[in-house]
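Asks: sequence first, then the predicted structure, then my questions.
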There are 2 protein chains.
Amino acid sequence: MTAGEPVRETAGGTSAPPLEWLFHPRSIAVVGVPSADPRGGNFLRALRALGYDRDHQLYPINPKLRETAGLPCYPSLLACPGPVDHVISQVPAHAVPELVEQCVAREVRSLQLFTAGFSETGDAERAGIERRALTRALAAGIRVIGPNCMGLYVPDERIAFTGNPPADAGSTFLLSQSGVHAADLIFRLGAIGMRFSKVVSYGNGADLAAHDFLSYAAEDPQTRVVGAYIEGVPDGPAFAQALRRCAAAKPTVILKAGVSEAGARAVRSHTASLAGSGRIFEALCRQAGAQLVETMAELRETLVAVTSSARRVRGPRVVMLSSGGGVGVLATDAFARAGLDVPELPTPARRELGSFIPIAGTSNRNPIDAESFGGRGLGEGAAERRRGILSAVARSGVADAIVVSPGIVQGAHGSRVPWSDDAPPSPTRDEARSEARELASELAAAQEEAGCPLLYVGRARIWGDLGPDLEVERALYARGIASYESVESAASVLRRMLDWRSRRAGLPPLS
Amino acid sequence: MTAGEPVRETAGGTSAPPLEWLFHPRSIAVVGVPSADPRGGNFLRALRALGYDRDHQLYPINPKLRETAGLPCYPSLLACPGPVDHVISQVPAHAVPELVEQCVAREVRSLQLFTAGFSETGDAERAGIERRALTRALAAGIRVIGPNCMGLYVPDERIAFTGNPPADAGSTFLLSQSGVHAADLIFRLGAIGMRFSKVVSYGNGADLAAHDFLSYAAEDPQTRVVGAYIEGVPDGPAFAQALRRCAAAKPTVILKAGVSEAGARAVRSHTASLAGSGRIFEALCRQAGAQLVETMAELRETLVAVTSSARRVRGPRVVMLSSGGGVGVLATDAFARAGLDVPELPTPARRELGSFIPIAGTSNRNPIDAESFGGRGLGEGAAERRRGILSAVARSGVADAIVVSPGIVQGAHGSRVPWSDDAPPSPTRDEARSEARELASELAAAQEEAGCPLLYVGRARIWGDLGPDLEVERALYARGIASYESVESAASVLRRMLDWRSRRAGLPPLS
């Protein structure tokens, strides 16, 4: 499914998932654009920045404005000159019932309520407004996203809810009851090169909820991986069924919030969701073959893993390459804590490594301590030694995964530190990219030779420009290699992949 | 103890700790400076960069050179024109016995063996060389640091082992069997403003070992906090005694490596240490009132905690302020997992918060979701709202700790992203510093009013210049406020401080 295909015509047909039309509105009205912002407020700005209005209709609505951000502005939904598929509501809660009436009159297909202040306030009257508005909309066949949410990011249709997301599409589908968490995932995973098929921030989930989006994602041919931030599910059995379908077909990673008593109370205040029992949720995920995580960091790390070679790890034996013996020692403890092995290398491999690694101050047993992994520019022959070491490890036959870490920290090697203005200039973006590509190609070749996943643990950054180090992560990810911030993260991800694989043993292979 | 005091004259006296002289050599010889590096290799470069040779004698030694880095170079230790207190050895392992003889002849007081390739190789002959050289040195009254280590960083004497560490001294003492980990701590903690009394990287610890340095740190008046990376202890009872003394007087944080079977093997290859039983070590730390941690991140986070207001947390009740409801929800789960409470705010405090926080899309119960915490430049009145909210929380009476998180991720707010060259310019360093100081002063005032620690969780950084966000962490740390990368880290640090306080209940108050 790519931009330009007439997917919207298939709504209700047999080939496209039932909700396909939701992600392809021909026209959007943003109701309640703020008078104070000449760029039309967050939603209009985001849609225009990505270019939605280049080949779709975009209608700002505000009775006090004649135009905003260079577009004609209409006094109400009823005044829009053409059909309106999708409405984004920025009006206050008390104005929503009237807006729903207008949506019915204009045969709107979907309504996203950015508007908050409904059931999540705990106020019975406000909850009543939400319920009645929802009932009216659903009776007229209008599906509702929200309330209290950011709505859609669909790169192929140039729909966005926040400024500056990647313009190109990918294959990760995200559903999130938090707009901040959705943005966190888009930007932080986007920064290393992950791209998204569709993202939906759906807040209270009063109508469309987790089971709808999981069912869609399960069938969406553009989606290969699914990530979710869920606070509660309104319909347990429907959720269980959708999760089973989705996780059977695609790697599905779920962050469930509100698992503690206090967290459940916070969930009620945030999206009026009933958090439910954490144990039941855990059992559901286990049975479905989905992966349940506890933190945003784990959600990001796991999504990186299932979209990289790390997903294919087949056993617990790790070979660790680093610069600095202490780094290898702590890595070994971290792998052991995660139930992984760090086997001693066989004699032939150690002998071969001996020609690249001097005996003094280093180890060739595993973990392997080799200065050559301490970064770029380590003098003549470092790249060659690195290649020799990687190749010897790759052929050792004892690795189910190879983890590589430069080990060093920025600052200790002449780069910029906050207590000194005397810093070497950062490399240009082109220089950084070209160095990053070289390292990535080296590591990808080693991975190929070893026939097992290689994982990279990035350099610690304390100051200065993040760009050069992120270029390394991007170049690696482009070649299917995952990078992590710490050895502990790499260890926990490998453990997670092995557990997931064994839990999925009875299920059909992933698509 | 500050620079310039005649501390070195007190060696063997009654007032200074027994090892005081070790940190104040009047002269250093670097033996085996490399011919290939016109700047004299790592050690000479680091010593000169910090300015050791401005008021001490510094002798490079290499028979093939007449001068290096602008200093006269001597053919051997015997040829040095004046007394030599401290020797740094960069010669190969086989040349060490002859060097020890020269040290004896020149009445050297301490010898640091950067030289590696001894017992850690597992080779009996090399272990024999180490043993015999050590015996000879000790018999002549020479104390040995190492082998296989980076040695000393003493800011007040302008001694350094790596380029570009902070030139000013502080009150944190570090001992580490890994040079890379020592540098990691100096640079990453240095970046937020922590400063060090003395740091010693001591590798194999064949002579001077953990118990010597802990005993010293316990009595050193310049030292208020102690951090250690330990792979093994040669003398269990001496270590237990020194740890008890040190932890009774000063917050003492220990990262013990080699706790797993594979880790213990890695430890033997790295520093020839016997890792010993992790359980016994744990019991020792618990009894002594020391804090045992498992990862470098925990070591750094705990050192930040014990040098900030976080150290004074008195109970488990946390009030969480963030921008973005989902951030607060996950924070609440994280606090609950750490055994902390997130109590609902009392009605008067909630009523007061109501005047700063609109009911729609936010919560004033705790966690508190307030857009005003989403960062700087949120429009008129944001700073004022922030102050009002902080003050209401401070006076609510239910907080044992306040945790503040902007919640947002870089990129989602118009800042630089890797897929676009169209980015606003970074603020200048002066602008960033001035904004950071303002926020820090606001948060410090709230902390003062609340009478309980405030902790800050930094903004997620994905690209661009790290400087502005680190200026915030620096400004906060300068006012005694700790910053963490994630709410999970803040939660685990608060838990750790509470546990540590209760374990120390029977001990005298800390100095």
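Replies: Yes, it's here.
Asks: can you list the buried residues in the helix or strand containing A:Ala445?
Replies: Per DSSP states H and E, A:Ala445 falls inside helix A:429-450. Under the neighbour-count criterion of 16 or more other CB atoms under 10 Å in any protein chain shown, helix A:429-450 has A:432-433, A:435-437, A:439-440, A:443-447, A:450 buried. No exception for glycine: its C-beta is placed from N, CA and C like everyone else's.
Asks: repeat for stretch A:301-315
Replies: Quick answer for stretch A:301-315 (16+ other CB under 10 Å): A:301-311, A:313.
Asks: can you check stretch A:111-119 too?
Replies: For stretch A:111-119, burial by neighbour count (16+ other CB under 10 Å) applies to A:111-119.
Asks: and for stretch A:329-336?
Replies: Neighbour-count burial for stretch A:329-336 [16+ other CB under 10 Å]: A:329-336.
Asks: need the residues of the stretch 51-200 of chain A near chain B, please.
Replies: Selection of the stretch 51-200 of chain A residues close to chain B by CB under 8 Å from any CB of the partner chain yields A:92-93, A:115-117, A:120-121, A:123, A:148, A:162-164, A:166-168, A:176-181, A:183-184, A:186-188, A:190-191.
Asks: swap in 7 Å and give it another go.
Replies: Neighbours of chain B within the stretch 51-200 of chain A, by CB under 7 Å from any CB of the partner chain: A:93, A:116-117, A:121, A:148, A:162-164, A:166, A:177-178, A:180-181, A:183-184, A:187-188, A:191.
Asks: of those residues, buried ones?
Replies: Buried among these (16+ other CB under 10 Å): A:93, A:116-117, A:121, A:148, A:162-164, A:166, A:177-178, A:180-181, A:183-184, A:187-188, A:191.
Asks: just those residues: which are in helices?
Replies: Judged by DSSP state H, helices contain the following of those: A:180-181, A:183-184, A:187-188, A:191.
Asks: list the contacts of the single nearest residue of the stretch 101-250 of chain A relative to chain B.
Replies: Closest residue of the stretch 101-250 of chain A to chain B, CB to the nearest CB: A:Ser178 (2.5 Å). Going by CB atoms under 7 Å, 6 or more residues apart in numbering or on different chains, A:Ser178 touches A:201, A:229, B:324-326.
Asks: lowest-confidence one in those residues?
Replies: Lowest pLDDT of the contacts of A:Ser178: B:Gly324, 80.
Asks: ramachandran coordinates for it?
Replies: Phi and psi for B:Gly324, reported as degrees, to the nearest 10, are phi 110, psi 110.
Asks: what sits closest to it if chain neighbours are left out?
Replies: A:Val180 (3.2 Å; CB to CB, 6 or more residues apart in numbering or on different chains).
Asks: distance check, the residue most central in space within chain A against A:Gly179.
Replies: Centrality entry for chain A: nearest residue to the mean C-alpha point is A:Leu185, 4.1 Å, by CA atoms, centre = their mean. Applying CB to CB, to the nearest Å, the value for A:Leu185 to A:Gly179 is 11 Å.
Asks: any regions of chain A where pLDDT drops low?
Replies: Along chain A, segments meeting pLDDT under 70 span A:1-15, A:359-362, A:372, A:374-380, A:407-416, A:420-426, A:461-464, A:511.
Asks: now with 80, please.
Replies: Within chain A, the segments meeting pLDDT under 80 span A:1-16, A:358-362, A:371-383, A:407-429, A:459-468, A:506-508, A:510-511.
Asks: within the helices and strands, which one has A:Tyr153?
Replies: Counting by DSSP H and E, A:Tyr153 is found in strand A:151-153.
Asks: still on that earlier bit, and the buried residues of stretch A:301-315, which two are furthest apart?
Replies: A:Leu303 and A:Val313 (15.8 Å; CB to CB).
Asks: what sits closest to A:Asp333 if chain neighbours are left out?
Replies: Counting by CB to CB, 6+ apart, the residue nearest A:Asp333 is B:Gly263, at 4.0 Å.
Asks: er, A:Met497 actually
Replies: Nearest non-adjacent residue to A:Met497, counting by CB to CB, 6+ apart: A:Val313, 5.0 Å away.
Asks: A:Ala383 too?
Replies: That would be A:Glu442: by CB to CB, 6+ apart, it lies 7.0 Å from A:Ala383.
Asks: on that earlier part again, ok, the residue nearest to the centre of chain A - contacts?
Replies: For A:Leu185, the contact set (CB under 7 Å, 6+ apart) comprises A:174, A:227, A:300.
Asks: so what's the residue of the stretch 201-350 of chain A found nearest chain B up against?
Replies: Nearest to chain B in the stretch 201-350 of chain A, going by CB to the nearest CB, is A:Gly326, at a distance of 2.5 Å. Counting by CB under 7 Å, 6+ apart, A:Gly326 makes contact with B:177-178, B:180-181, B:229, B:257, B:270.
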